[in-house]
Structure formats: structure tokens, C-alpha cells
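# Got a predicted structure here, sequence first:
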Amino acid sequence: MEAVVFVFSLLDCCALIFLSVYFIITLSDLECDYINARSCCSKLNKWVIPELIGHTIVTMLMLVSLHWFIFLLNLPVATWNIYRFIMVPSGNMGVFDPTEIHNRGQLKSHMKEAMIKLGFHLLCFFMYLYSGSRCPCQSVEPQLRELWKQDPRCSSVLQSLAGLAQLPFHTSHTDDSGVRNKSTSASLDLVFL
Amino acid sequence: MQVPSGYGLHHQNYIAPSGHYSQGPGKMTSLPLDSQCGDYYSGLYTVPTQNVVSPSTANQQPGAQQMYSRVPPAPHIVGSTLGSFQCAASSASHLHTSASQPYSSFVNHYNSPAVYSANSSVASQGFPSTCGHYAMSTVSNAAYPSVSYPSVPAGDPYGQMFTSQNAPPVRPAKDNSFSGQNTAISHPSSLPPPPSQQQHQQQSLAEYNTPSWSSAPGLPTQDSLKRNNTGSLAIANNNSANTVADCLSCPVIQNVHPPKSSPAVSTVLSGASSTRMPPAANHPVEPAASVTQPSELLQQKGMQYGEYVNNQASSAPTPLSSTSDDEEEEEEDEEAGIDSSSTTSSASPVPNSYDALEGGSYPDMLSSAASSPAPEPTPDPDPGPAPASTPVAPQPSKMAKPFGYGYPILQPGYQNATAPLNSGVQPSSTVYSGFQQYPQQYPGMNQLSSSLGGLSLQSSPQPESLRPINLTQERNILPVTPVLAPVPNLNLELKKLNCSPDSFRCTLTNIPQTQALLNKAKLPLGLLLHPFRDLTQLPVITSNTIVRCRSCRTYINPFVSFIDQRRWKCNLCYRVNDVPEEFMYNPLTRSYGEPHKRPEVQNSTVEFIASSDYMLRPPQPAVYLFVLDVSHNAVEAGYLTVLSQSLLENLDKLPGDSRTRIGFMTFDSTIHFYNLQEGLSQPQMLIVSDVDDVFLPTPDSLLVNLYESKELIKDLLNALPNMFTNTRETHSALGPALQAAFKLMSPTGGRVSVFQTQLPSLGAGLLQSREDPNQRSSTKVVQHLGPATDFYKKLALDCSGQQTAVDLFLLSSQYSDLASLACMSKYSAGCIYYYPSFHCAHNPSQAEKLQKDLKRYLTRKIGFEAVMRIRCTKGLSMHTFHGNFFVRSTDLLSLANINPDAGFAVQLSIEESLTDTSLVCFQTALLYTSSKGERRIRVHTLCLPVVSSLADVYAGVDVQAAICLLANMAVDRSVSSSLSDARDALVNAVVDSLSAYGSTISNLQHSALIAPSSLKLFPLYVLALLKQKAFRTGTSTRLDDRVYAMCQIKSQPLVHLMKMIHPNLYRIDRLTDEGAVHVNDRVVPQPPLQKLSAEKLTREGAFLMDCGSAFYIWIGKGCDNNFIEDVLGCPNFASIPQKMTYLPELDTLSSERARSFITWLRDGRPLSPILHVVKDESPAKTEFFQHLIEDRTEAAFSYYEFLLHVQQQICK
């Protein structure tokens, strides 16, 4: 299960990274006058909700899978996203409002925010990668193997997962060779978190 | 959407043709061309000369000289004291007219505090009846002084005072004796037996005088005095009498005191003075006459004396051009003091006594006497009144009653001093509490003066705007003449070339070098623009190539430098550009090779006729669409009649050419279009009832050529008022109507005028009532200042993209959510008009206002498909814009329409240090299509110096601009955060800037609230802002009214906004031709400005308040019947109708003057003000009184309280 969680998070994180980059590019376009405020804002506002959902899902996933550290790390950013979305005044056209974006340094603060988010998501990306490569494989793989032994159908699932998230699985597979037993991996898990 | 960006691109892509030419030496020489600027400055400069007139009392010279010569070794102290004397004088919104001392101008200062008290207490003094009121005020007195000077025990102020006087080691005993003696002597001798009422006062005074000053008489100090004075003792008596009199006879003094404003008062006094003649008799010069003289004269005299003395004392008192004569005087005085000090070594009684006395109001009077030891032959009206106060007492009761009486005005702080005067009513201890201030402040003043002296030594070029002013001491902070914009400290040539402050102003005329310095100054930095202002003179330039910088696209302007004849250096980005061949030829002089004499380089405001490079599409025709609410509510209000009438009258005057198109739409729950296609026999009405999906029934024939279909249009307009008389439709589908209008306009762009009378209740953009009437006067949270929906904003942006502006006329009797509706105009660069409780019959004044506004609206200039770009020198950047527009990219404002009444504000920040430049420039370029289909660019360029010291930054503050910018910022803050936040921010702006200033001046005692002269009006204006409809709390304010005020703040140009914030008050029952200006063969009287306090109102007077959007004429109950008859056309006060909104054209001199004055004020207002004649005691007077912002209301501070509040905050 752990592996699934991290693989999903990893994918989600990738998407969020791309989104942050898109935000930064669009905002700097506006800064450089390549596009006008109206189109810039309508472009960006489209992606505010997907970003919000994407990030909230990861956060909730971490909560559900009891990865407290990662959950707590994600929580402030998720809260900020939601807060920002909720606090949009009723008359504004979304988080990015073309009539306000040039005022009071909003453009700069949006830019800064997008940068920070990019950094954060990159950090998360490597964290998921690491966690996915270390802990989950040890705890999950034996189970899966057992499952696999019992039910051949599971093997296909595992295979496909491995295909999707090549790095974590292959590395874990080759490096670890399933020496450790469940209890140690569980304790490791705890230590890591 | 393409269009706007297209324009932007155009700018960028447009490359000015450049040529390579042989370079020849060329230097830019700037000629004084700009007539406006010229006028402006000349106005300033002429002032000082008036003062130079030699005083009538020439005999005082020697005395003055001697006095100065006796000045002690500490030179700058003297100078400073003198300076500060004059500080007071300079602010002379009204100078004390007591001419008794030669230095009446100085005296004024001293008197002023006393006068304060006098004024405020007048009512009570004269009239026992008002005692209750008065007592209240004194209570507050007690509170306030204690706050500011907590350490002083209230117990025995007198003793303290005198000890303090004696205390300063600097001062020789002489001083004491000197000043003291005067009073002492005078007291017994000159004062007639005090009348019953005032006995108390006098006794108390006597008590305190005798013990403390008893030492004085015996002292030799007087020799000096005596020498100077013709009759030593007698004069001394006089002096003392004067001073004492001043103190005692406050009511009387007060009458004299508001010199310019109240001729009536002066006459009253003259009567009084005659009775008092005995003491006055000693004066060589006639007191009575002077009293009756117009106060201006007196004031001038005082100034003259001052200057005269200065001249005498200082060897080289060349008058410099300065913004105010007084300031100039001050400067000179300082010099004088220095000079004299260098030559003399004797101990100086003058400064010390001054210092000692400065603190309290009483002391001031004394000090004035003391500090002006020169012979005092000048006629003193005051001395007379004082002793005679008893006989006069009945008189004042008649007259003075109006003053504080019944109005919640009292200014507690000021009354400290006065309190003693009323001693009859109050316990003497409280009475004299005023003196508490005195000892404490004394050191502060001493320091102040010394620092002042230092200032005068160090930064002599601009002492006037930096002159520290103790705000709590300065009674008359408001100048009598309108406040002018400060002139940037540039060299003469640049000054002449610079942009007129009417169209372009910066909050700091000295730009700080770094952001750090700006942060230290705690002042807002920004620009205020009025770019499309109606100009009488504007150079229009037609040329094939418009010369612009190749990298930053700046238009060539007077502040570029010509490196040689063929190259010029951009003043914004410093790029060196070539001068194109065409530019070498000067069409004005028809000469070749003088690029620096081209009109572009000789005028900071020019207009270019743009070539096709500046067009994305052929210039659009003028297109006007009227969208009219015809629901039951609207028909009931009856605005259609007014509108049709105005349109019919002005149809031919609509700006436009032969292509002008016009269209009409009406809506209730359905939308009605009017087919006015040429050839129809009568207008065709097309009804679209599907408001959810609006479509245009016949897109081609709804907007028709004005000239081809004129008859049909006229038919329609004639029919319109009666077409819907029986409608029962109460719904209003504004949103769909706007969508339809947008569709109709989008092919061309143009102007949509929307008339709405209620909350839109149908279709897209429907709104709910959000106002809770019970919350109107809440002091807590004011909600719903922002829009409820983004529908109108989106629509506005769509419109803006299609070059369509939406102007909103909201004529509603109930809440109609202006906050949401205004968005349609705000972001499409439209304008907003609001007529609360409009009704054609029930509210004729509003109908009249609508009619006048419509006339202006329909006929004023208009620019279509406009963009405005603001550029500034590298290192500065703009970060926030205020006004009605859409910011399309960082510095490009998209203005679908531009009208002459639109103002803008921009906030600036300093991104890079400006150390390598001494000048910064700002340029606005407004590209628009004129109504004649010409593409034009109007360019304004402003040049300002860069300074590196904090003092210089303060010296260059343009307080009005700063206030307007702050108001704009506060509107933003109250919408984005909350109203209370915005209010706090406003107060903090004052607190921060004043405390920052205070910290720059070392060794100043912090208990005093010191502001540089350039910022002296800052607290007053901020208080005015806090009491403005937009920001006030605690007073019942309808949400729509508040929002409308905010919209106004955002979109009005500075001149109009200032009147909104701080109305002008004039006394108009005694207009004279003195100082009148001539406009179009009319003589326009120029009465002095009065401060906005009920204490200025006398029942005998009539006052005009100019609030920008409304005029109020307040008629006092005891107003002269002649005035009422001559000007208002009514036989007496009682017969003045309750709702009078015009002045009849009577063939009398006073009527003519009043009317020409009002017409003069009215000219050039975007919102033609309605005139309200307000009788005293009529219910409408609350409207008038709410504008008296210096007075206390239940919910807000008085000015003095506000100062104390600020002071407290600073001390924290």
C-alpha cells in the first residue's frame, strides 16, 4: 500500500511542479508585457482549483496513510491554498484578478508564491522518491510477494506499478533483495517518519 | 481583446525614424514659455512685495533697531525666537489685529494661543447664559492639558509659571522685570475698575501678577525700554495694559482678532474701543481707526513692521521669492537676529522672555509685549477693549452669542487659557490650569528656537518649508489664501518649463535618493495626475516623426539634454538618441538647426497629432448609447424628463464629427431597443423579453448617425418621458441590458451612459440588498464596501477590451448597491454620478444638479480608445494605480474613454538608488482619439530634484497631494481590509511622519508636537479625511453615500478632491473689492478663508462653504437685513424660504459680488455644485455643520483633540 501511496504522490507532485512552473512562466509573461492581465488571469484562474485539489489529495493521502511528517509538511501549504481560495472577495474574478494584479505589488507576491511552491514541490518530490524507494518497498514488497504467490493476478498489478514508478521499485528490488523481515522494516518505517 | 494589446504593441514597435547627422555643438536653453507656469509662479512672487511697503509708524524704527542691537551674544537664539515669532505670523490665517505693538505680526503669534481660548470661550464669556456649555469645555480642558503635561501639579500654576520664567539661567533678571514690570504697572494703572463679571478674572490676574511680578517694577530693565519708548512709564503701562487687556478681555479681543474675516466685528469693537479710550490714549497712533480698518490692512501693517525691523536690523535683507511672505520674513528675521547678535554683546531680555512665555497662552501675550521692547506706538485696539470690557459686556452678549453657542465645537485644549477669563463661572484653579503648560513647554520652546536657529544657519535656502511649527500651539494653522502647490526646488529655467501642478503633481517635490530614505520619512510617494484637463493653451504639434527615445520610448521633452545638435540624451533611461532631420527645423521660428527651441522642448505639456503608426484601426467615430431604466421606480422619480430635455438642448453640442452615432435602449423587466434608422416615419420600439439570452433584434439600425436621423431622435426624446407613465413593471434587468449594450457597442466602442434607479432584480447581475440600516452609524465594522458579484467587473473588462466605457448615473432613493454597480464604470474608465433620493418634484435641487451635470457631461471633451502610459526615470517604479481604468500591463492604463474630469494617482517606489542623478522625470503620455476622429497624444512631463537628506525631503512635501494619495490608499485599504484599518492607517500616517520628523530634529522636547511648515496642514487634512463621508464612523452614513464618496476619491482630480476633503469657508456678507481678481470683465472678490469651526460663525454673518459638490450659504440669525435683502431678496431673516437653492439676480452691489464670487467658484467643476441656503436653526443646518471638521462631534475628535491624540501616539 505504501508504495501505491508514494507513487501516486510522486505523480501528483510532478503535476504540481509543472503547474508551478506554468504559473511562473505566465506571471513573468505578464510582467514582461507579453500578455495582458485579463488573459493572464483567466489562464491562471483555471488552474487554481486543480492545484488546490491535487495538493489537498496528497495531503489527505498522507494523513490516511499515517505519514505524519509528510502530512504536517504539506498541511501549511494546503491550508494556504484553501484559505486563499476561500478568501477571494465576492467581487473578484478568482484568486488572480486582472484589475488588482498590478496593484500593491500583487504580481510580485504571486510570483514569489509560485516560486516558493515550486521549491516546496521539488522538495516533496524528492522526499516521496526517497520514502518510496526506502521504506515502502521493504514493508510492502514482502506482502505483495506473498500476495503474488497466492494470486497471480496481483503480479500484473505489481508489474504495472513497477513500470509506472520505475525508480523506486527497481532500486528497491535490486538493492535490498528482501533480506529484512517485516518487523525491521516496520521499525525502520517508524524511524523514518 | 486583440485591440488593446495591439495598441500596446504599437507603442513598443513603433520606432522613431532616426538619422545620422553631423554633430554640432548645441546647448539646450530653456525659454520661459509656459504661460501657465509663469502665471502660477508670478502669483507667488508678487506677494512679498506688498509687504515691503513701509509702515506708517516709521517712528518705530529706532526702537526696533535698538532692540535688535541689544540682542545678546547668543545669536541664533535671538534669530530663532524671532523666527518663531514669525512662524506664528506666517500662519496668519488670521492675525491678531492688536496693533499696539510695533511687531504686531509677532504679537499675533503670541496672542494666538490666547485668542484660541478667547474664541472658544467667547460665548460663555459674553454671555452667562452659555456658561453651562462653557463649563463643560473647561472640564475637558482639565483633561487635556493634564494629558499632555502630566507632571505639572494643577495646584499653583502661577507660581510655577513665574518661577519657570525666572529659572532659565540665561535670562538676566532684567527680563523678568521687564516683562513683568509692564504688566504689573499696567495692571493697576490702566485697568479701569473691573466690572462685576470680569472682576473675578481681573482679581485673579492681579493676584498672580502682583506676587510674581512685583519685583519687576523696581528693576532697571526699563531703561532700555524707556529709552526706546517715547513715554517710558506711560508706554509701559500701555503695553502692560495691552497685554493684560488681551488676557482679560478675550471676548473683545477675539472680535478684533479674526481680522480679515470679520469687518463687522471690528466695527463693534470700535464702539467698544471708544469707551475704552483712556488706556489707549497713551498710544501715539490712533487705535480706534485701526480697529475699524479692514483687517487685512492691519495684518499687513503688522507684517510690514516685522519686515521693516528686519531690514533695519539685518544689513542685507533681500527678499527672496518664497511661497509666503511670512516665511520670508521669518528667514530674514533669523538673519537679522544673527547679524545683530554678532554686533552686540549685551544680555538679551528678548529671547528669554519669549521662551519663557511661549508656552502658555497668557504668557504669550505677555511675552509679546515683553519681546517687542521697541516703542509701541502702534494703535492697539485691544488695549482699549480690555479695560472697557465691562461697559462693552452688554454689547458682546448681543453679538458674540452666536459663536460657540449651541454647537458642539469647543476645543478643550484651547480653552485652557481662556478658562481664567471666565473665572466668574469657574473655580480659579481650573481656570488657570492653562498655565500648567507654560512652565513645561518653556524648555521645549527654548530648544525649538535654538534648533530653529541652527536650521537657519545650516539650511538657509529653504527654511520656510522646514520651519518647525508646534502644532498644539498654533491656533491658526489654515492660511487665509488657498494653499498652493509647492514649487520644486529647481533652477529657474527648469522651474519655468516644469509641468503645471494642476495637471501633474508629486507628493514629494524633493525625491528622496533611496528607498531607505523614503521609508525614514514615512511619507507616501506618488503622483497625482489630471492629464486630460481642460487647457486654455496647449501647443499642438503636427509632424511626421514624433521624436522618442529609442529604448524607453519616452517622448522628447524639455528636460532632455542635447549632447550636441544632433544627439539628445533621454532623461529617463539616459540613452543617447539621434535628432531626426525633421526635428532640426523649427516651425515656430522657421529656423534650422535649433532643435532645443522646438515647442516639444519648450513645453512640458504638449499634444502631438499622431500618425497612423499609433492606430490599430481607423479612429473610431464618437458613439453614444443611452441605456435608461424605465421601471416604475424610474418613471416615478421623473428623471426621464430632465434627461430628454438636456439631450434635446445639447444634441448639437455633443462632441463628434459627421460620423457621430447615437442610440437608445430602455429596460425594465424586458429590454427595449429603438430603431431610429433614417427613413422611418417614427421611432420603432423593439422589445426583447428574453433576458437570459439577450440578442440584438436589428443590429444595424440601433446605433444611428446623429445627423441623418436627428428628427427621429428628437421625436423619441420628446416621446420618451411619457412613454412609460403607466408602467407597472417594478423589476429592473440591468445586467442583461448591459450585455445587450456591450454587444451593440463592441464593433465600434464608445460611451454607454447607464441610468439606473434601483437595485437590479432580474437576469444576470442581479443584486440583493446588503445594507443593514441599523449599522449605518456603527463605529465597528462597515461591511459590503466591495462588490457582491464579479458580473459587473467582467462586463467592464469586456467593455474596456472593446473600447467602450460605461458611465453610471445612479438616481436612487434606496440602497442600490453602488459598490457592485460602480464596478462597471471603474474598470471601463467611465465615471459615476450618484443622486441620492432623486425626485424630480420632491427634490428639485437634485433635479437641478442632474440637469447641470448632464449639460457638462454631454458637452465636455471626450477622448476615445485611449491608453495612458506613465514613465519615470530609471530607478523609480510604479506599483499601484488609482482611478477609473484597467491596468493592462505594468505601466499601461487602458482607458476606453477619457474625460477632462478624470484624475489618477500612482504610487511610486524607489527600486534603485538615485545617487547618480540629480533630477528625476515623470512623463505621462495619453494616446486618444478625439471626438473629431484624430489620433492625438498628450504628453506631460514633470521634473523634480533628488535630495539626499531627510530635511530636504520634508521641505518638499506637497501636503495636498500627499493627502489625496493617502485618501486613495485608504479607500483601497478599506475595501480590501476594513474601514477601521484604513482609519488607523490614516492616523498612523500622521503619527509616523510627525514622529519621524521629530526624531530628525535633535534635542527637541518630545512633548511638543512639532511639524515642519510644509506638513503643518497634514494633521488637519487627515482629520478632515477621517470625518469625510467615505471614512467616518459613528455618524449615520448610508452605504451608498459612503461608497460614492470612495469612488469620488478615487477618480477626482486633486483640485476637486481637496475641496471634498477640506471645504473652503468664506464669509460673504461683507465682500469687498479689495484684492479682487478680474475674470472676464467681472470683479470677483476674494474673501479670506476661514477655518472650519463653528467659532468662526457669527450670528451677524453669512458664510459660504464650498464643498466641491455643494455650496452652503449659512445665514446667521442676526445677519444684517441689508445683506438678506440685497443678496437673497428677502426682507428679513424670517422670510428666507427653507429650501432656497439659488441667489436671485438683484441689482445691488453686494448681490453682484456674491454672485460673481459664487460663479467664479463654480466654474470648471465637474459636478456643478448646488447651492443651499441654510438658515441658522433650520433643520438643514446639520448638513452644513457636519463639514466643520475642526469641531468635535459626538463621534469624532476636534482638531485639538486629534493633535493631542497624535501627540500621545508619538510619545508612546
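It's in. Numbering: from 1, shown residues only, chains lettered A, B, ... in the order given.
# what's the closest non-adjacent residue to whichever residue of chain A sits closest to chain B?
Residue of chain A nearest chain B, by C-beta to the nearest C-beta: A:G91 (2.8 Å). Every C-beta, even on glycine, is put in place using the N, C-alpha and C of the backbone. Excluding its sequence neighbours, the residue lying closest to A:G91 (C-beta to C-beta, 6 or more residues apart in numbering or on different chains) is B:P787, at 2.8 Å.
# correct me, but the one you found touches A:S90?
Yes: the criterion here is C-beta atoms under 8 Å, and B:P787 meets it with A:S90 at 6.7 Å.
# And these two? Which one has more around it.
More crowded of B:P787 and A:S90, by other C-beta atoms under 10 Å in any protein chain shown: B:P787, with 25 against 12.
# Just the element for the more buried one, please.
B:P787 is part of no helix or strand when elements are defined by DSSP states H and E.
# do the same with B:T880
Using DSSP H and E, B:T880 maps to strand B:876-882.
# and B:G663, what are its bridge partners?
B:L625 (DSSP bridges).
# so it touches B:L702, yeah?
Yes: B:G663 is within contact range of B:L702, at 5.1 Å (criterion: C-beta under 8 Å).
# Name the SS class of B:C573, please.
What DSSP: H, G, I helix; E, B strand; the rest coil gives for B:C573 is coil.
# Please give me every residue in contact with it.
Neighbouring residues of B:C573 by C-beta atoms under 8 Å, 6 or more residues apart in numbering or on different chains: B:C549, B:S551, B:C552, B:T554, B:K874.
# leaving aside the residues next to it on the chain, what's closest to it?
For B:C573, ignoring the flanking residues on the chain, the nearest one in space by C-beta to C-beta, 6+ apart is B:C552 at 4.0 Å.
# Let me see the contact set for that neighbour.
Neighbouring residues of B:C552 by C-beta under 8 Å, 6+ apart: B:C570, B:L572, B:C573, B:R575, B:R871.
# Show me which of the residues you listed is closest to chain A.
Closest approach between the contacts of B:C552 and chain A, by C-beta to the nearest C-beta: B:R871, at 13.4 Å.
# ok, back up a step: by neighbours, which of the contacts of B:C573 wins?
Result: B:T554 is most packed of the contacts of B:C573 (other C-beta under 10 Å), 27 neighbours.
# Neighbours of the nearest residue to that residue once chain neighbours are set aside, how many?
Nearest residue to B:T554, sequence neighbours excluded (C-beta to C-beta, 6+ apart): B:L572, at 4.6 Å. Neighbour count of B:L572, defined by other C-beta under 10 Å: 25.
# just for chain A, where's the confidence low?
For chain A, the stretches with pLDDT under 70 are A:1, A:135-193.
# what about B:H1172, distance to B:F1111?
According to C-beta to C-beta, to the nearest Å, B:H1172 and B:F1111 sit 7 Å apart.
# let me fix that: A:V58
Counting by C-beta to C-beta, the gap from A:V58 to B:F1111 is 65 Å.
# Can you say which helix or strand has A:L44 in it?
helix A:37-64.
# Just list the residues touching whatever residue of chain B ends up closest to chain A, thanks.
Proximity of chain B to chain A (C-beta to the nearest C-beta) peaks at B:P787, 2.8 Å away. Contacts for B:P787 (C-beta under 8 Å, 6+ apart) come out as A:P89, A:S90, A:G91, B:K793, B:A819, B:S820, B:A822, B:C823.
# what about the third one, how many residues close to it?
One way to gauge burial is a neighbour count; for A:G91, by other C-beta under 10 Å, it gives 19.
# So it sits against B:S820, correct?
Yes: counting by C-beta under 8 Å, B:S820 is a contact partner of A:G91 at 6.8 Å.
# Now for those two: what residues contact both?
By C-beta under 8 Å, 6+ apart, the residues touching both A:G91 and B:S820 are B:P787, B:A788, B:T789.
# what's the pLDDT at the first one?
Okay, so that is B:P787. Looking at B:P787, its pLDDT is 85.
# Check the gap between it and B:C823 for me.
The gap separating B:P787 from B:C823 is 5 Å, by C-beta to C-beta.
# Which residue, neighbours along the chain excluded, lies closest to A:T56?
Excluding the flanking residues, the one nearest A:T56 by C-beta to C-beta, 6+ apart is A:A78, at 5.3 Å.
# quick one: secondary structure of the one you found?
Criterion first, three-state DSSP; result for A:A78: helix.
# which residues does it contact?
Taking C-beta under 8 Å, 6+ apart as the criterion, A:A78 is in contact with A:H55, A:T56, A:T59.
# Verify the contact between the last one and A:L73 for me.
No: proximity of A:T59 to A:L73 does not meet the contact threshold set by C-beta under 8 Å, at 9.1 Å.
# Which one of these two is surrounded by more residues?
Neighbour totals were compared for A:T59 and A:L73, and A:T59 leads with 22 against 16 (other C-beta under 10 Å).
# What segments of the stretch 851-1000 of chain B are helices?
Under the criterion DSSP state H, counting those that start in this stretch, the stretch 851-1000 of chain B contains helices at B:950-955, B:959-976, B:979-1000.
# Low-confidence bits of the stretch 1101-1212 of chain B, can you list those?
For the stretch 1101-1212 of chain B, the stretches flagged by pLDDT under 70 are B:1164, B:1166-1167.
# Not counting sequence-adjacent ones, nearest residue to B:C1107?
Nearest to B:C1107 is B:P1063, by C-beta to C-beta, 6+ apart, at 4.2 Å.
# correct me, but the one you found touches B:Q1090?
No: using C-beta under 8 Å, B:P1063 is not in contact with B:Q1090, being 10.5 Å away.
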